[in-house]
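In: got a sequence here, can you model it:
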Amino acid sequence: MDEQQEQFEEAQPQDPTKRRRRVERRYRFASRKQRRLPQLRWWREALLVLLLATAVLFLINPFTRLAQSQATVARPVEPLAVTPPTNPEEGYCLTGDFLDWNGRSTPLLDDGTSGDRTAGDNLYSRTITFEEPGRYLWRVLPCGQWNSAVPEKSAWVFATAPNQPITFTFNPEMPPSRLWPRSYAFTANDTLPARVVAVGSFQPNRWDSEDTQTQMDPSGNGQFQLAYRIPLPSSYQAYVLIQGRDEGVGASGRSMEPIPLEFSTEFPAEMVVIQYDARTDRISVLSGMPWWLSWLGFGWGARLIAAFALVGFLVLGAQVGYSRVVQRPDWQYSAGCPNCQQHDFKRITREMPDYLLDLIGVPVRRYKCNHCDWEGRRIYRRRS
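Out: Purely as a prediction, here's the structure:
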């Protein structure tokens, strides 16, 4: 009806001056009749909150713990032959080729001296200074009780500089966890000569310590991890080696002959997670996780979803921000021509950037000032 009325009025003879003024009013920027705050639909703001919550949730990624809780923990291919007593009469001793394998001469201490940090914390330690760089062998035992020494085969330690002090630590009572060895842990604060690599029968070239596809990446706080998809379902074995070397970490801890952990996969391309704790020199292998949990917890799933949610939040947030801030009619009206501060504009043909902005939800139009030569874009208030 309005269009018919307008066509009828245009067909009648009118004063040219009056007609020009009416056309100018039609394109007057941010007219007073439209000075209302834009009404946003509630679902846009609700979606904005949902996108932000999704991005934060998937960046935190609680699915790692959830996947671990659903996983099957691998066990040693053979039971560990030795578990040291937790309270031997003579305490614990350190022995090795640098101590002539004397099983009584170098006790580990829990009195806050000789490398032990805290007295009475049930962590037994001793600092030894190595005059010459090299690889040395060592074990921990209840003093004099060789039948209870761990590991079954000798552990290893690397001195990389002359007169290097290295602290050896033994914990006879570890809290329950999925890591092996379960009940105890022994370690040395040396520097490894290369990266750690997960090896086993699951590799294309079995037990290959040079395989770059199975290098373990740091996951924070002294932890290393490898998430690896195994093509065919079967039973496999695995442990950790230093890249290109024979020294490794198995079910009994550091050892020159690591004991493998055995696990099984149930479907093709199942993800298996191999973990190494460098603080205690223990390892674990997790399998049997639901595919979607393993994808979210250890694959790219959580990061991809977080990225998409964050992009959606930024795009929608920009639109909401423009609606709430930039498109305020009172601000539009006060922001007249930057040259002459007048508010009478004439709409002109838009350019490609204007169409692109309009495409992503920023309604712009191009105007020319009727009082000077300025022309540019302004936010356009769409009629509801």
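
In: how much space between the closest residue to residue 223 other than its chain neighbours and residue 259?
Out: Leaving aside its sequence neighbours, residue 223 sits nearest to residue 277 (Cβ to Cβ, 6 or more residues apart in numbering; 5.9 Å). Quick note: C-beta positions are derived from backbone N, CA and C, even for glycine. From residue 277 over to residue 259 the distance is 16 Å, taken as Cβ to Cβ, to the nearest Å.

In: same drill for the two, tell me which one is more crowded.
Out: Higher neighbour count among residue 277 and residue 259: residue 259, with 25 against 19, using other Cβ atoms under 10 Å.

In: Three-state assignment for that one, please.
Out: coil (DSSP: H, G, I helix; E, B strand; the rest coil).

In: now do residue 294
Out: Reduced to three states by three-state DSSP, residue 294 is helix.

In: that one: neighbour count?
Out: Residue 294: 25 neighbours (other Cβ under 10 Å).

In: mind listing what it touches?
Out: 67, 227, 270, 271, 273 (Cβ atoms under 8 Å, 6 or more residues apart in numbering).

In: so what's the second one bridging to?
Out: According to DSSP bridges, residue 273 are recorded as the beta-bridge partners of residue 227.

In: OK, contacts around it?
Out: 271, 272, 273, 294, 298, 299.

In: ok, so of those residues, who is nearest residue 187?
Out: For the contacts of residue 227, the minimum distance to residue 187 (Cβ to Cβ) is 21.7 Å, reached by residue 273.

In: verify the stated contact: the closest one with residue 295.
Out: No. With contact defined as Cβ atoms under 8 Å, residue 273 and residue 295 do not form a contacting pair (12.0 Å).

In: which of those two has more residues huddled nearby?
Out: Shown here are residue 273 and residue 295; by other Cβ under 10 Å, residue 273 has more neighbours (21 against 18).

In: wait, residue 371 sits on residue 343?
Out: No. Assessed by Cβ under 8 Å, residue 371 is found out of contact with residue 343, at 9.4 Å.

In: identify the contacts common to those two.
Out: Contacts common to residue 371 and residue 343, judged by Cβ under 8 Å, 6+ apart, are residue 337.

In: more neighbours, these two?
Out: Shown here are residue 371 and residue 343; by other Cβ under 10 Å, residue 343 has more neighbours (19 against 14).

In: just the pLDDT at that one, thanks.
Out: We have a pLDDT of 76 for residue 343.

In: for it, which non-adjacent residue is spatially closest?
Out: Using Cβ to Cβ, 6+ apart, the closest residue to residue 343 is residue 336 (4.4 Å).

In: got a list of what the closest residue to residue 296 other than its chain neighbours touches?
Out: Once flanking residues are discounted, residue 296 sits nearest to residue 63: 3.9 Å by Cβ to Cβ, 6+ apart. Counting by Cβ under 8 Å, 6+ apart, residue 63 makes contact with 293, 296, 297, 301, 302.

In: burial measure for the nearest residue to the third one once chain neighbours are set aside, as a count.
Out: I take that to be residue 297. Counting by Cβ to Cβ, 6+ apart, the nearest residue to residue 297 once its immediate chain neighbours are dropped is residue 67, at 3.6 Å. Residues near residue 67, counting by other Cβ under 10 Å, number 24.

In: so what's residue 67 up against?
Out: By Cβ under 8 Å, 6+ apart, the contact set of residue 67 is 273, 286, 289, 290, 293, 294, 296, 297, 298.

In: now those residues: which count as buried?
Out: Neighbour-count burial (16 or more other Cβ atoms under 10 Å) applied to the contacts of residue 67 gives 273, 286, 289, 293, 294, 296, 297, 298.

In: okay, the contacts of residue 67 in JSON lines with pLDDT and distance to residue 172 next?
Out: Shown next, in JSON lines, are these (pLDDT from 0 to 100; distance: Cβ to Cβ, whole Å):
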{"residue": "273", "pLDDT": "97", "distance to residue 172": "28"}
{"residue": "286", "pLDDT": "97", "distance to residue 172": "26"}
{"residue": "289", "pLDDT": "95", "distance to residue 172": "32"}
{"residue": "290", "pLDDT": "94", "distance to residue 172": "37"}
{"residue": "293", "pLDDT": "93", "distance to residue 172": "35"}
{"residue": "294", "pLDDT": "93", "distance to residue 172": "34"}
{"residue": "296", "pLDDT": "94", "distance to residue 172": "37"}
{"residue": "297", "pLDDT": "93", "distance to residue 172": "32"}
{"residue": "298", "pLDDT": "92", "distance to residue 172": "32"}
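
In: could you point out which of the residues you listed is nearest to residue 124?
Out: residue 286 (29.9 Å).

In: wait, isn't that closest one in contact with residue 265?
Out: No. Here residue 286 lies out of contact with residue 265, judged by Cβ under 8 Å, at a distance of 11.3 Å.

In: any residues in contact with both of the two?
Out: residue 272.

In: gap between the nearest residue to residue 161 once chain neighbours are set aside and residue 57?
Out: Nearest non-adjacent residue to residue 161, counting by Cβ to Cβ, 6+ apart: residue 133, 6.0 Å away. Per Cβ to Cβ, residue 133 is found 48 Å from residue 57.

In: so the two - more neighbours on which side?
Out: residue 57 (15 against 12).

In: which parts of the helix or strand hosting residue 307 are buried?
Out: Here residue 307, judged by DSSP states H and E, is contained in helix 301-321. With burial defined by 16+ other Cβ under 10 Å, the residues of helix 301-321 counted as buried are 301, 302, 305, 306, 309, 310, 312, 313, 316, 319, 320.

In: what of stretch 237-246?
Out: Of the residues in stretch 237-246, those buried (16+ other Cβ under 10 Å) are 237, 238, 239, 240, 241, 242, 243.

In: contacts for stretch 117-127 next, please.
Out: The contact list for stretch 117-127 (Cβ under 8 Å, 6+ apart) reads 91-92, 94, 106-112, 114-116, 165-173.

In: the nearest residue to residue 351 once chain neighbours are set aside: what secondary structure?
Out: In this structure, residue 351 finds its nearest non-sequential neighbour in residue 366, 6.7 Å apart by Cβ to Cβ, 6+ apart. Three-state call for residue 366 (three-state DSSP): strand.
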